[in-house]
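Enquirer: I need the structure of the sequence given here:
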Amino acid sequence: NASFSRQPRCAEGRLGSRRCSCDAGFQMRAGGVCHDVDECQLFQSSPQTRLCLHDCVNLPGSYRCLCPPGYLLHADRNVCEDVNECAGKQHNCTQGDLCINTFGGHRCVRPKCPPPRHNTSYVKTSAFQCERNPCPMESRACRLAATSISFHYLPLQSNRTVPRVLFKMSTTRFVGDSLRFAIMSGRGQGVFAVRRSDRQTGELVLTSPVAGPATLEVELEMSEFSRKVLLGKHIFKVTAFVSPYEF
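Expert: Next up, the predicted model:
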């Protein structure tokens, strides 16, 4: 491509000498011609010298950074910033869906309460929460079922450093003498752990880096006891949307 090479600028000096130089971004090569410096090839491959967060395109005398779909290039920092499609109404979610912004995209979700079973039924009390209806007097199965089920959606970048606290569980109406926290089920359980941060709070911790794209689901249970008698259970359904990108 002819635009990647050009003639130098030369000036006559004293005593018949001649000085030549190249424009910024060009370098003098054999034959006295200025050739473009490929900044992308020189610097992009090493994490210490990277010019661009994502892709680098060489231009005559310069370079340009590119971002993947779902990101905008920050004008002065060559950094890719996530576009919040949910806030900007740039999503394809239908009526009744909830839009969850993720790194580089979005997801449409519709949390649903479980169907009635064993005299146990639930009612939607907010967009992300179901509460158990009062139990019939004689139904032990209903009393042992969770009193609330909440849904939590977490956007995550790929290969995040670990351990990392993703989510905290606690209760505002703590009337028992002990709380227990446990992971019950879910896809990708092997990368999570639960730990207690204080008497009333449990934490969901990411214990292994996850390369995206991936969707991880985990169901957490918080049980409240008084003198070893179960007072109530709360279920937290957590979904992590892992981006293909690390930014």
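Enquirer: isn't residue 244 right up against residue 104?
Expert: Yes. Residue 244 sits in contact with residue 104 when judged by C-beta atoms under 8 Å, with a separation of 6.8 Å. C-beta: built from backbone N, CA, C; applies to glycine.
Enquirer: intersection of neighbour lists for the two?
Expert: Shared contacts of residue 244 and residue 104 (C-beta atoms under 8 Å, 6 or more residues apart in numbering): residue 68.
Enquirer: so where's this structure uncertain?
Expert: Along the chain, the model assigns pLDDT under 70 to residues 174.
Enquirer: higher neighbour count, residue 244 and residue 104?
Expert: residue 104 (24 against 15; other C-beta atoms under 10 Å).
Enquirer: The more buried one - nearest residue in space that isn't next to it in sequence?
Expert: Nearest residue to residue 104 in three dimensions, chain neighbours excluded: residue 70, at 3.7 Å (C-beta to C-beta, 6 or more residues apart in numbering).
Enquirer: repeat for residue 218
Expert: Closest residue to residue 218 apart from its sequence neighbours, by C-beta to C-beta, 6+ apart: residue 186 at 3.6 Å.
Enquirer: The residue nearest to residue 104 and residue 84 touch, don't they?
Expert: No. Taking contacts as C-beta under 8 Å, residue 70 lies outside contact range of residue 84: 9.9 Å.
Enquirer: of those two, who's got more company?
Expert: Neighbours around residue 70 and residue 84, counted as other C-beta under 10 Å, are more numerous at residue 70. The numbers are 20 against 14.
Enquirer: how about that one, what does it touch?
Expert: Shown in contact with residue 70 (C-beta under 8 Å, 6+ apart): 82-83, 85, 103-105.
Enquirer: Let me see the backbone angles for it.
Expert: Backbone torsions for residue 70, taken as degrees, to the nearest 10, come to phi 90, psi 0.
Enquirer: Number the chain from 47, please
Expert: Done: numbering now begins at 47, and the last item shifts to residue 116.
Enquirer: give me the beta-bridge partners of the residue nearest the centre of the chain?
Expert: In the chain, the C-alpha closest to the average C-alpha coordinate belongs to residue 202, at a distance of 2.1 Å (C-alpha atoms, centre = their mean). According to DSSP bridges, the partner residues bridging residue 202 are residue 288.
Enquirer: How about residue 229?
Expert: So, taking DSSP bridges as the rule, residue 229 has residue 266 as bridge partners.
Enquirer: State the number of residues packed around it.
Expert: The burial count for residue 229: 15, using other C-beta under 10 Å.
Enquirer: do the same with the one 3 residues further on
Expert: Counted with other C-beta under 10 Å, the neighbours of residue 232 add up to 17.
Enquirer: same deal with the one 10 residues further on?
Expert: Residues contacting residue 242 under the criterion other C-beta under 10 Å number 13.
Enquirer: what do you get for residue 272?
Expert: By other C-beta under 10 Å, 12 other residues sit near residue 272.
Enquirer: Same check on residue 66?
Expert: Using other C-beta under 10 Å, residue 66 has 12 neighbouring residues.
Enquirer: what about it, distance to residue 154?
Expert: Residue 66 sits 61 Å away from residue 154, going by C-beta to C-beta, to the nearest Å.
Enquirer: do residue 193 as well
Expert: As judged by C-beta to C-beta, residue 193 and residue 154 stand 28 Å apart.
Enquirer: Residue 195 now?
Expert: Spatial separation of residue 195 from residue 154 under the definition C-beta to C-beta is 20 Å.
Enquirer: Domain ranges for this structure, per the record?
Expert: What automatic domain parsing lists as the domains of the chain is 48-112, 144-288.
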